[in-house]
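Visitor: only geometry, no sequence info:
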(Lines give C-alpha, C1' and ligand atoms only; values in the text may rest on other atoms or scores of the structure.)
Protein backbone atom coordinates (compact mmCIF):
# COMPACT_ATOMS: atom_id res chain seq x y z
CA UNK A 1 0.00 0.00 0.00
CA UNK A 2 2.82 2.41 0.86
CA UNK A 3 4.50 1.64 -2.48
CA UNK A 4 1.29 2.44 -4.42
CA UNK A 5 0.88 5.76 -2.61
CA UNK A 6 4.47 6.63 -3.42
CA UNK A 7 3.94 5.95 -7.13
CA UNK A 8 0.65 7.88 -7.12
CA UNK A 9 2.14 11.07 -5.72
CA UNK A 10 5.18 11.03 -7.96
CA UNK A 11 3.28 10.10 -11.10
CA UNK A 12 0.40 12.60 -10.81
CA UNK A 13 0.10 15.52 -13.32
CA UNK A 14 -1.76 17.62 -10.75
CA UNK A 15 0.26 20.26 -8.86
CA UNK A 16 1.42 19.18 -5.48
CA UNK A 17 1.93 22.84 -4.60
CA UNK A 18 0.93 25.91 -6.58
CA UNK A 19 4.35 26.41 -8.14
CA UNK A 20 5.65 22.87 -8.11
CA UNK A 21 4.73 20.04 -10.45
CA UNK A 22 5.69 16.44 -9.93
CA UNK A 23 7.12 14.35 -12.77
CA UNK A 24 4.79 13.12 -15.46
CA UNK A 25 3.89 9.47 -16.06
CA UNK A 26 6.87 8.73 -18.28
CA UNK A 27 9.22 9.98 -15.55
CA UNK A 28 7.57 7.68 -13.09
CA UNK A 29 8.80 4.68 -15.02
CA UNK A 30 12.34 5.50 -13.94
CA UNK A 31 11.60 4.73 -10.32
CA UNK A 32 13.66 1.78 -9.25
CA UNK A 33 11.85 -1.37 -8.22
CA UNK A 34 14.05 -1.48 -5.14
CA UNK A 35 12.19 1.54 -3.75
CA UNK A 36 8.89 -0.30 -3.90
CA UNK A 37 10.58 -3.33 -2.35
CA UNK A 38 11.87 -1.15 0.48
CA UNK A 39 8.37 0.05 1.23
CA UNK A 40 7.10 -3.52 1.28
CA UNK A 41 9.86 -4.51 3.70
CA UNK A 42 9.09 -1.50 5.89
CA UNK A 43 5.43 -2.53 5.94
CA UNK A 44 6.29 -6.09 6.92
CA UNK A 45 8.69 -4.88 9.62
CA UNK A 46 6.03 -2.58 11.03
CA UNK A 47 3.52 -5.41 11.14
CA UNK A 48 6.10 -7.63 12.85
CA UNK A 49 6.81 -4.96 15.47
CA UNK A 50 3.12 -4.35 16.06
CA UNK A 51 2.57 -8.08 16.58
CA UNK A 52 5.32 -8.32 19.18
CA UNK A 53 4.15 -5.11 20.81
CA UNK A 54 0.68 -6.60 21.16
CA UNK A 55 2.16 -9.74 22.71
CA UNK A 56 4.20 -7.67 25.15
CA UNK A 57 1.15 -5.63 26.12
CA UNK A 58 -0.83 -8.83 26.65
CA UNK A 59 1.98 -10.19 28.85
CA UNK A 60 2.19 -7.11 31.07
CA UNK A 61 -1.53 -6.38 31.11
CA UNK A 62 -2.04 -8.21 34.41
CA UNK A 63 1.04 -6.49 35.90
CA UNK A 64 2.32 -9.64 37.58
CA UNK A 65 5.75 -11.24 37.41
CA UNK A 66 5.37 -14.34 39.63
CA UNK A 67 2.71 -16.81 40.74
CA UNK A 68 2.15 -18.42 44.14
CA UNK A 69 -0.21 -21.11 45.44
CA UNK A 70 -1.47 -21.80 48.98
CA UNK A 71 -3.19 -25.20 49.07
CA UNK A 72 -4.89 -26.23 52.32
CA UNK A 73 -6.63 -29.40 53.49
CA UNK A 74 -8.25 -28.63 56.84
CA UNK A 75 -9.61 -32.13 57.68
CA UNK A 76 -8.03 -35.07 59.44
CA UNK A 77 -9.14 -38.68 60.10
CA UNK A 78 -9.42 -41.50 57.58
CA UNK A 79 -13.01 -40.82 56.52
CA UNK A 80 -11.81 -37.43 55.17
CA UNK A 81 -9.43 -39.13 52.74
CA UNK A 82 -11.02 -37.21 49.85
CA UNK A 83 -9.97 -33.81 51.20
CA UNK A 84 -6.30 -34.79 51.17
CA UNK A 85 -6.73 -36.20 47.66
CA UNK A 86 -8.40 -32.93 46.58
CA UNK A 87 -5.47 -30.85 47.74
CA UNK A 88 -2.79 -33.15 46.35
CA UNK A 89 -4.54 -33.23 42.97
CA UNK A 90 -4.55 -29.42 42.73
CA UNK A 91 -0.92 -29.46 43.90
CA UNK A 92 -0.02 -31.84 41.08
CA UNK A 93 -1.80 -29.67 38.51
CA UNK A 94 -0.11 -26.38 39.43
CA UNK A 95 3.28 -28.10 39.47
CA UNK A 96 2.60 -29.57 36.04
CA UNK A 97 1.78 -26.11 34.72
CA UNK A 98 5.06 -24.69 35.99
CA UNK A 99 4.71 -23.35 39.55
CA UNK A 100 7.72 -24.71 41.49
CA UNK A 101 7.64 -26.05 45.04
CA UNK A 102 9.43 -22.91 46.22
CA UNK A 103 6.27 -20.97 45.29
CA UNK A 104 3.77 -23.45 46.77
CA UNK A 105 2.71 -23.61 50.42
CA UNK A 106 1.11 -27.03 50.96
CA UNK A 107 -0.81 -27.67 54.19
CA UNK A 108 -2.18 -31.18 54.92
CA UNK A 109 -3.96 -31.80 58.21
CA UNK A 110 -3.47 -35.57 58.01
CA UNK A 111 -1.08 -38.02 56.39
CA UNK A 112 -3.29 -40.45 54.49
CA UNK A 113 -0.33 -41.99 52.69
CA UNK A 114 1.02 -43.41 55.96
CA UNK A 115 -2.31 -44.13 57.64
CA UNK A 116 -2.48 -47.69 58.98
CA UNK A 117 -5.82 -48.19 57.23
CA UNK A 118 -4.32 -47.49 53.82
CA UNK A 119 -4.09 -50.83 51.94
CA UNK A 120 -1.43 -49.29 49.67
CA UNK A 121 1.02 -47.42 51.90
CA UNK A 122 2.75 -44.29 50.61
CA UNK A 123 0.01 -43.69 48.03
CA UNK A 124 -3.01 -41.43 47.67
CA UNK A 125 -5.34 -41.90 44.71
CA UNK A 126 -7.93 -39.52 43.31
CA UNK A 127 -9.62 -41.97 40.93
CA UNK A 128 -10.98 -45.45 41.51
CA UNK A 129 -8.94 -46.86 38.62
CA UNK A 130 -5.92 -46.48 40.96
CA UNK A 131 -3.59 -45.48 38.13
CA UNK A 132 -2.38 -42.06 39.28
CA UNK A 133 -0.74 -41.72 42.68
CA UNK A 134 -1.14 -38.02 43.47
CA UNK A 135 1.15 -38.36 46.49
CA UNK A 136 4.01 -39.48 44.28
CA UNK A 137 7.64 -39.29 45.30
CA UNK A 138 8.21 -35.54 45.00
CA UNK A 139 5.66 -34.02 47.37
CA UNK A 140 6.91 -31.24 49.64
CA UNK A 141 4.44 -30.80 52.51
CA UNK A 142 5.20 -27.53 54.30
CA UNK A 143 2.65 -27.80 57.14
CA UNK A 144 1.41 -31.21 58.23
CA UNK A 145 -0.71 -32.66 61.01
CA UNK A 146 -1.28 -30.39 63.98
CA UNK A 147 0.70 -27.59 62.30
CA UNK A 148 -2.37 -26.92 60.14
CA UNK A 149 -4.20 -24.41 62.34
CA UNK A 150 -6.16 -21.22 61.80
CA UNK A 151 -3.32 -19.24 63.37
CA UNK A 152 -0.65 -20.68 61.09
CA UNK A 153 -2.84 -20.24 58.02
CA UNK A 154 -3.47 -16.56 58.80
CA UNK A 155 0.21 -16.03 59.61
CA UNK A 156 1.21 -17.49 56.24
CA UNK A 157 -1.19 -15.16 54.42
CA UNK A 158 -0.24 -12.00 56.30
CA UNK A 159 3.49 -12.77 56.62
CA UNK A 160 3.42 -12.47 60.43
CA UNK A 161 5.68 -15.46 61.05
CA UNK A 162 8.46 -15.91 63.64
CA UNK A 163 11.96 -15.03 62.37
CA UNK A 164 13.03 -18.68 62.70
CA UNK A 165 10.43 -19.85 60.15
CA UNK A 166 12.20 -21.35 57.11
CA UNK A 167 11.63 -19.98 53.63
CA UNK A 168 9.73 -23.10 52.57
CA UNK A 169 6.98 -22.23 55.08
CA UNK A 170 6.64 -18.60 54.00
CA UNK A 171 4.52 -16.90 51.37
CA UNK A 172 7.19 -14.56 49.96
CA UNK A 173 4.87 -12.73 47.59
CA UNK A 174 4.87 -9.04 46.62
CA UNK A 175 2.69 -6.52 44.80
CA UNK A 176 3.49 -8.22 41.47
CA UNK A 177 2.36 -11.69 42.62
CA UNK A 178 -0.76 -13.54 41.53
CA UNK A 179 -1.84 -15.91 44.30
CA UNK A 180 -4.05 -18.99 44.10
CA UNK A 181 -5.63 -19.99 47.43
CA UNK A 182 -7.42 -23.35 47.51
CA UNK A 183 -9.27 -24.61 50.60
CA UNK A 184 -11.09 -27.89 51.13
CA UNK A 185 -12.68 -29.40 54.21
CA UNK A 186 -15.90 -29.25 56.22
CA UNK A 187 -17.72 -25.95 56.56
CA UNK A 188 -21.00 -24.23 57.17
CA UNK A 189 -22.67 -20.86 56.78
CA UNK A 190 -19.81 -18.40 57.21
CA UNK A 191 -17.13 -20.71 58.63
CA UNK A 192 -14.63 -23.43 57.74
CA UNK A 193 -13.54 -26.06 60.25
CA UNK A 194 -9.87 -26.79 60.95
CA UNK A 195 -9.05 -30.26 62.33
CA UNK A 196 -12.59 -30.60 63.75
CA UNK A 197 -11.45 -28.46 66.70
CA UNK A 198 -11.48 -24.81 65.57
CA UNK A 199 -12.99 -22.63 62.87
CA UNK A 200 -12.12 -19.68 60.67
CA UNK A 201 -14.94 -17.27 59.83
CA UNK A 202 -15.56 -15.42 56.59
CA UNK A 203 -14.90 -12.14 58.42
CA UNK A 204 -11.47 -13.31 59.61
CA UNK A 205 -10.61 -14.47 56.10
CA UNK A 206 -11.76 -11.18 54.56
CA UNK A 207 -9.68 -9.18 57.04
CA UNK A 208 -6.63 -11.33 56.29
CA UNK A 209 -6.97 -10.57 52.58
CA UNK A 210 -7.29 -6.86 53.36
CA UNK A 211 -4.05 -7.04 55.37
CA UNK A 212 -2.39 -8.70 52.39
CA UNK A 213 -3.58 -5.91 50.11
CA UNK A 214 -2.47 -3.16 52.49
CA UNK A 215 0.94 -4.80 52.86
CA UNK A 216 1.23 -5.20 49.07
CA UNK A 217 1.44 -8.97 49.24
CA UNK A 218 -0.51 -9.64 46.05
CA UNK A 219 -1.41 -8.17 42.69
CA UNK A 220 -4.41 -10.40 42.00
CA UNK A 221 -5.86 -13.21 44.09
CA UNK A 222 -7.96 -16.21 43.08
CA UNK A 223 -9.83 -17.89 45.95
CA UNK A 224 -11.32 -21.38 45.45
CA UNK A 225 -13.11 -23.29 48.20
CA UNK A 226 -14.65 -26.77 48.06
CA UNK A 227 -16.82 -27.20 51.13
CA UNK A 228 -20.46 -27.16 52.16
CA UNK A 229 -22.04 -23.70 51.80
CA UNK A 230 -18.76 -22.51 50.33
CA UNK A 231 -20.22 -19.33 48.79
CA UNK A 232 -20.75 -17.94 52.30
CA UNK A 233 -16.97 -17.70 52.74
CA UNK A 234 -16.56 -14.99 50.09
CA UNK A 235 -19.64 -12.91 50.95
CA UNK A 236 -17.66 -10.63 53.28
CA UNK A 237 -14.69 -9.98 50.95
CA UNK A 238 -14.05 -6.29 50.34
CA UNK A 239 -10.44 -6.06 49.11
CA UNK A 240 -9.71 -5.18 45.47
CA UNK A 241 -8.44 -7.57 42.80
CA UNK A 242 -10.14 -10.60 44.35
CA UNK A 243 -11.91 -13.32 42.39
CA UNK A 244 -13.65 -16.15 44.24
CA UNK A 245 -15.17 -19.52 43.33
CA UNK A 246 -17.10 -21.94 45.53
CA UNK A 247 -18.46 -25.45 45.08
CA UNK A 248 -21.86 -24.74 46.67
CA UNK A 249 -24.26 -21.95 47.57
CA UNK A 250 -25.52 -21.07 51.03
CA UNK A 251 -27.75 -23.86 52.31
CA UNK A 252 -26.26 -26.50 49.99
CA UNK A 253 -23.90 -29.39 50.67
CA UNK A 254 -20.80 -30.09 48.62
CA UNK A 255 -21.01 -33.76 47.71
CA UNK A 256 -18.30 -36.40 47.46
CA UNK A 257 -17.42 -38.48 44.42
CA UNK A 258 -15.57 -41.64 43.34
CA UNK A 259 -16.42 -44.16 46.13
CA UNK A 260 -13.89 -46.93 46.59
CA UNK A 261 -15.15 -50.11 48.24
CA UNK A 262 -11.63 -51.42 48.81
CA UNK A 263 -10.72 -48.69 51.29
CA UNK A 264 -14.27 -47.79 52.30
CA UNK A 265 -14.18 -44.03 51.58
CA UNK A 266 -14.77 -41.57 48.74
CA UNK A 267 -11.66 -40.52 46.84
CA UNK A 268 -12.58 -36.95 45.86
CA UNK A 269 -15.26 -34.27 46.03
CA UNK A 270 -17.38 -33.63 42.96
CA UNK A 271 -16.38 -30.03 42.34
CA UNK A 272 -12.64 -30.65 42.60
CA UNK A 273 -12.97 -33.80 40.48
CA UNK A 274 -14.41 -31.84 37.54
CA UNK A 275 -12.04 -28.93 38.22
CA UNK A 276 -9.10 -31.29 37.82
CA UNK A 277 -10.68 -32.81 34.72
CA UNK A 278 -10.76 -29.29 33.25
CA UNK A 279 -7.18 -28.50 34.28
CA UNK A 280 -5.87 -31.68 32.64
CA UNK A 281 -6.64 -30.09 29.25
CA UNK A 282 -4.76 -26.89 30.12
CA UNK A 283 -1.15 -26.47 28.97
CA UNK A 284 1.28 -23.57 29.67
CA UNK A 285 0.41 -21.85 26.37
CA UNK A 286 -3.34 -22.37 26.72
CA UNK A 287 -5.68 -19.45 25.98
CA UNK A 288 -8.51 -20.70 28.22
CA UNK A 289 -9.84 -17.96 30.48
CA UNK A 290 -11.79 -17.60 33.71
CA UNK A 291 -15.15 -17.69 31.97
CA UNK A 292 -14.28 -21.25 30.98
CA UNK A 293 -13.46 -22.05 34.60
CA UNK A 294 -16.84 -20.71 35.76
CA UNK A 295 -18.55 -23.35 33.61
CA UNK A 296 -16.79 -26.22 35.42
CA UNK A 297 -19.10 -28.68 37.17
CA UNK A 298 -22.63 -27.44 36.45
CA UNK A 299 -25.44 -28.42 38.77
CA UNK A 300 -26.22 -31.48 36.65
CA UNK A 301 -22.79 -32.86 37.62
CA UNK A 302 -22.11 -31.29 41.02
CA UNK A 303 -25.70 -31.60 42.35
CA UNK A 304 -24.82 -28.48 44.35
CA UNK A 305 -24.73 -25.07 42.63
CA UNK A 306 -21.20 -23.67 42.17
CA UNK A 307 -20.83 -19.93 42.59
CA UNK A 308 -18.34 -17.20 41.78
CA UNK A 309 -17.77 -13.55 42.59
CA UNK A 310 -16.01 -11.09 40.27
CA UNK A 311 -17.24 -7.62 41.34
CA UNK A 312 -14.00 -6.91 43.23
CA UNK A 313 -11.82 -7.91 40.29
CA UNK A 314 -10.68 -5.05 38.06
CA UNK A 315 -10.17 -7.01 34.84
CA UNK A 316 -12.77 -8.70 32.70
CA UNK A 317 -12.72 -12.44 33.58
CA UNK A 318 -12.77 -13.21 29.86
CA UNK A 319 -9.33 -11.59 29.52
CA UNK A 320 -7.82 -13.45 32.50
CA UNK A 321 -6.03 -16.61 31.42
CA UNK A 322 -6.16 -19.74 33.54
CA UNK A 323 -2.36 -19.78 33.55
CA UNK A 324 -2.34 -16.33 35.18
CA UNK A 325 -2.95 -18.23 38.44
CA UNK A 326 -2.39 -21.93 37.79
CA UNK A 327 0.79 -21.69 35.71
CA UNK A 328 4.27 -20.25 35.76
CA UNK A 329 5.07 -16.82 34.38
CA UNK A 330 8.23 -18.22 32.84
CA UNK A 331 8.02 -20.66 29.98
CA UNK A 332 9.44 -24.03 31.00
CA UNK A 333 10.17 -26.97 28.75
CA UNK A 334 10.32 -30.45 30.25
CA UNK A 335 13.06 -32.62 28.77
CA UNK A 336 14.18 -36.16 29.46
CA UNK A 337 17.62 -35.59 27.98
CA UNK A 338 20.77 -35.57 30.10
CA UNK A 339 22.26 -32.10 30.48
CA UNK A 340 26.03 -31.66 30.71
CA UNK A 341 26.78 -28.79 33.09
CA UNK A 342 30.52 -28.59 32.28
CA UNK A 343 31.72 -25.66 30.18
CA UNK A 344 32.76 -26.96 26.74
CA UNK A 345 36.22 -26.04 25.50
CA UNK A 346 37.66 -25.10 28.90
CA UNK A 347 40.14 -27.62 30.34
CA UNK A 348 39.71 -28.66 33.93
CA UNK A 349 43.32 -27.67 34.75
CA UNK A 350 42.26 -24.02 34.74
CA UNK A 351 40.10 -24.72 37.79
CA UNK A 352 42.90 -26.48 39.69
CA UNK A 353 41.63 -29.99 39.06
CA UNK A 354 42.93 -33.02 37.23
CA UNK A 355 41.51 -33.84 33.81
CA UNK A 356 39.26 -36.86 33.78
CA UNK A 357 36.36 -38.17 31.79
CA UNK A 358 33.10 -39.00 33.49
CA UNK A 359 29.89 -40.17 31.92
CA UNK A 360 26.91 -37.97 32.66
CA UNK A 361 24.27 -39.54 34.86
CA UNK A 362 20.58 -39.21 34.35
CA UNK A 363 18.58 -38.03 37.35
CA UNK A 364 17.27 -41.50 38.13
CA UNK A 365 20.82 -42.89 38.13
CA UNK A 366 22.30 -40.31 40.49
CA UNK A 367 20.79 -42.04 43.53
CA UNK A 368 21.88 -45.71 43.72
CA UNK A 369 18.53 -46.98 44.97
CA UNK A 370 19.30 -50.59 44.03
CA UNK A 371 22.56 -50.53 46.00
CA UNK A 372 20.81 -49.08 49.03
CA UNK A 373 18.10 -51.74 48.94
CA UNK A 374 20.46 -54.72 48.51
CA UNK A 375 23.23 -53.62 50.83
CA UNK A 376 23.74 -55.63 54.03
CA UNK A 377 22.20 -54.14 57.15
CA UNK A 378 24.63 -52.66 59.61
CA UNK A 379 25.24 -54.78 62.71
CA UNK A 380 23.70 -53.26 65.78
CA UNK A 381 25.92 -52.46 68.75
CA UNK A 382 25.14 -54.17 72.06
CA UNK A 383 23.19 -52.07 74.53
CA UNK A 384 22.25 -52.87 78.11
CA UNK A 385 18.79 -54.43 78.45
CA UNK A 386 15.93 -52.05 79.00
CA UNK A 387 13.89 -51.88 82.20
CA UNK A 388 11.50 -54.72 81.40
CA UNK A 389 14.20 -57.28 80.58
CA UNK A 390 16.30 -56.22 83.57
CA UNK A 391 13.33 -56.55 85.90
CA UNK A 392 12.49 -59.98 84.49
CA UNK A 393 16.01 -61.30 85.18
CA UNK A 394 15.89 -59.84 88.69
CA UNK A 395 12.63 -61.67 89.37
CA UNK A 396 14.08 -64.96 88.12
CA UNK A 397 17.13 -64.63 90.38
CA UNK A 398 15.00 -63.80 93.42
CA UNK A 399 12.80 -66.87 92.88
CA UNK A 400 15.90 -69.05 92.45
CA UNK A 401 17.56 -67.85 95.68
CA UNK A 402 14.40 -68.21 97.74
CA UNK A 403 13.88 -71.74 96.43
CA UNK A 404 17.37 -73.22 96.55
CA UNK A 405 19.44 -70.81 98.60
CA UNK A 406 23.08 -69.87 98.18
CA UNK A 407 24.37 -73.29 99.32
CA UNK A 408 23.10 -74.93 96.13
CA UNK A 409 25.10 -72.58 93.89
CA UNK A 410 28.14 -74.88 94.17
CA UNK A 411 26.18 -77.62 92.36
CA UNK A 412 25.49 -75.23 89.46
CA UNK A 413 28.95 -73.71 89.06
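Guide: Looks like it came in fine. Quantities reported herein were computed from a predicted structural model and do not represent experimental measurements.

Visitor: when you work out contacts or count neighbours from here on, use the C-alpha atoms and nothing else.
Guide: Will do.

Visitor: isn't residue 72 up against residue 192?
Guide: No. Using C-alpha atoms under 8 Å, residue 72 is not in contact with residue 192; the gap is 11.5 Å.

Visitor: so where do the strands sit in this protein?
Guide: Here the chain has its strands, by DSSP state E, at 66-73, 104-108, 143-144, 177-184, 187-188, 191-194, 198-201, 220-226, 242-246, 256-260, 265-269, 307-309.

Visitor: out of those, nearest to residue 336?
Guide: Nearest to residue 336, of all the strands of the chain, is strand 104-108, at 23.9 Å by C-alpha to C-alpha.

Visitor: who touches that closest one?
Guide: When contacts are defined by C-alpha atoms under 8 Å, 6 or more residues apart in numbering, strand 104-108 is touched by residues 68-75, 84, 87, 91, 140-145, 148, 168-171.

Visitor: so among the residues you listed, which ones count as buried?
Guide: Buried members of the contacts of strand 104-108, counted by 16 or more other C-alpha atoms under 10 Å: 68-75, 84, 87, 91, 141-144, 148, 168-171.

Visitor: could you check how far the nearest residue to residue 279 once chain neighbours are set aside is from residue 392?
Guide: Spatially, and ignoring its direct neighbours in sequence, residue 279 is nearest to residue 93 (6.9 Å; C-alpha to C-alpha, 6 or more residues apart in numbering). Separation of residue 93 from residue 392 (C-alpha to C-alpha, to the nearest Å): 57 Å.

Visitor: higher neighbour count, these two?
Guide: Taking neighbours as other C-alpha atoms under 10 Å, residue 93 and residue 392 compare with residue 93 leading, 18 against 10.

Visitor: can you check the pLDDT for that one?
Guide: On pLDDT, residue 93 comes in at 92.

Visitor: what's near enough to touch it?
Guide: 276, 279, 280, 326.

Visitor: possible to save these as JSON lines with pLDDT, distance to residue 318 and neighbour count?
Guide: Listed next are those as JSON lines, based on pLDDT from 0 to 100; distance: C-alpha to C-alpha, whole Å; neighbours: other C-alpha atoms under 10 Å:
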{"residue": "276", "pLDDT": "92", "distance to residue 318": "20", "neighbour count": "18"}
{"residue": "279", "pLDDT": "92", "distance to residue 318": "17", "neighbour count": "20"}
{"residue": "280", "pLDDT": "90", "distance to residue 318": "20", "neighbour count": "12"}
{"residue": "326", "pLDDT": "93", "distance to residue 318": "16", "neighbour count": "28"}
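
Visitor: quick one: which of these is nearest to residue 209?
Guide: residue 326 (19.2 Å).

Visitor: report the contact partners of that closest one.
Guide: Counted by C-alpha under 8 Å, 6+ apart, residue 326 has contacts 67, 93, 94, 97, 99, 180.

Visitor: next one: residue 185
Guide: 73, 74, 75, 83, 192, 193, 194, 226, 227.

Visitor: can you do 6 Å?
Guide: Residues in contact with residue 185, defined by C-alpha atoms under 6 Å, 6 or more residues apart in numbering, are 74, 75, 83, 227.

Visitor: out of those residues, which sit inside helices?
Guide: Per DSSP state H, helices hold the following members of the contacts of residue 185: residue 83.

Visitor: can you redo the contacts of residue 185 as a markdown table with pLDDT?
Guide: Converted to a markdown table, those look like this (pLDDT from 0 to 100):
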| residue | pLDDT |
| --- | --- |
| 74 | 96 |
| 75 | 94 |
| 83 | 95 |
| 227 | 95 |
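
Visitor: can you give me the helices in the stretch 201-350 of the chain?
Guide: Here the stretch 201-350 of the chain has its helices, by DSSP state H, counting those that start in this stretch, at 202-214, 270-279, 290-294, 299-302, 323-326.

Visitor: closest one to residue 252 among those?
Guide: That would be helix 299-302 among the helices of the stretch 201-350 of the chain, by C-alpha to C-alpha, at 11.0 Å.

Visitor: quick one: the closest one to chain centroid distance?
Guide: With C-alpha atoms, centre = their mean, to the nearest Å as the basis, helix 299-302 stands 26 Å off its chain's centre.

Visitor: contacts made by it with the rest, please.
Guide: 270, 305.

Visitor: measure stretch 220-235 end to end?
Guide: Using C-alpha to C-alpha, the two ends of stretch 220-235 sit 18 Å apart.

Visitor: and that stretch, what's buried?
Guide: Across stretch 220-235, burial judged by 16+ other C-alpha under 10 Å covers 220-234.

Visitor: look up how far residue 104 lies from the residue nearest to residue 279.
Guide: 12 Å.

Visitor: now do residue 123
Guide: When distance is defined by C-alpha to C-alpha, residue 123 is 21 Å away from residue 104.

Visitor: Serialize the contacts of residue 93 to CSV and add fields for distance to residue 115.
Guide: As requested, the contacts of residue 93 are exported to CSV (distance: C-alpha to C-alpha, whole Å):
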residue, distance to residue 115
276, 25
279, 29
280, 28
326, 30
